[in-house]
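S.K.: take this sequence and fold it.
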Amino acid sequence: MDPLWIHLFLTALPLYVANSSAMVFGGKTPIDGNRNWSDGRPIFGKGKTWKGTGMGVLIGTFVGLLLWYFFPVYTQLVSSEYVAYVFLLSTGGLVGDIVGSFIKRRMNMPRGHPAQILDQLDFVVGGVLFSVAFSTPNWTALILLVMITPFMHMTFNRLAYMIGMKSVPW
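M.R.: Numbering: from 1, shown residues only. Okay, here's the model as predicted:
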C-alpha cells in the first residue's frame, strides 16, 4: 500500500471523527460561558461546548488508539508516537474549529452561518499545527487533505442534515 495514502488516512480519520463527534455529542455548557467579547458579540457562541470539545478529543483519540492497535506498522509510518500524535491532532482540530468560530463572531456571522473555506479547513489547520511536534508533515498528504476536506465536509454535513442530525445543510 502506498505510504502517501496510509499517511492521509491515518491523519484524516481521527481528525474528521474528532470534529464530527464534537457536533454530535455537544451541548450543555458553552466554552465561553455565554460571555461576549468587547464588540458585544459572543466570544465563540453556544455551539462550542465543553462536553462537545471533550467528547471530540476523546473519540478522535480513541479512533487513533484503535488504528494504532490494529495497524501498528502503518501508524509507525506517520509517527513513532502515534497515540500522542492523534491526541494532539484531535485537540488541535477542535481548537482550530473554536478559533474559526471566534473569527466568524468577529465578522458578525451568526451561529450556523456558512463561511466556506473557514468552516471546512479551520480544524485541519489546527490539527496539523498541534500535531507537528510528533510527526514530520507529509506535504503531499497535507495538500491532498486540504483538497478533499471541503468535499468531505459538504457531503457529510448534507448527510447529517438529511437524517436530522443538523438543522442546516452546511
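
S.K.: can you get me the start-to-end distance on stretch 132-145?
M.R.: Using C-alpha to C-alpha, to the nearest Å, one end of stretch 132-145 lies 15 Å from the other.

S.K.: in that stretch, which residues are buried?
M.R.: Within stretch 132-145, the residues that count as buried by 16 or more other C-beta atoms under 10 Å are 134, 135, 138, 141, 144, 145. Using the backbone N, CA and C atoms, a C-beta is placed for each residue, glycine as well.

S.K.: do the same with stretch 13-30
M.R.: 13-23, 25-26, 30.

S.K.: taking the mean pLDDT, what do you get for that stretch?
M.R.: In this model, stretch 13-30 has a mean pLDDT of 94.

S.K.: could you export that stretch as CSV, CA atoms only?
M.R.: The C-alpha coordinates for stretch 13-30 follow below in CSV (Å, rounded to 0.1, in the frame of the first residue of the first chain):
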residue,chain,number,x,y,z
LEU,A,13,-9.8,9.7,10.1
PRO,A,14,-9.1,10.7,13.7
LEU,A,15,-9.3,14.4,12.7
TYR,A,16,-12.6,14.1,11.0
VAL,A,17,-14.1,11.9,13.7
ALA,A,18,-13.0,14.3,16.4
ASN,A,19,-14.6,17.3,14.6
SER,A,20,-17.8,15.4,13.9
SER,A,21,-18.1,13.9,17.4
ALA,A,22,-17.9,17.4,18.9
MET,A,23,-21.1,18.3,17.0
VAL,A,24,-22.9,15.0,17.6
PHE,A,25,-22.1,14.8,21.3
GLY,A,26,-22.1,18.5,22.1
GLY,A,27,-24.4,20.5,24.3
LYS,A,28,-24.7,21.8,27.8
THR,A,29,-22.1,24.5,29.0
PRO,A,30,-20.7,26.8,26.3
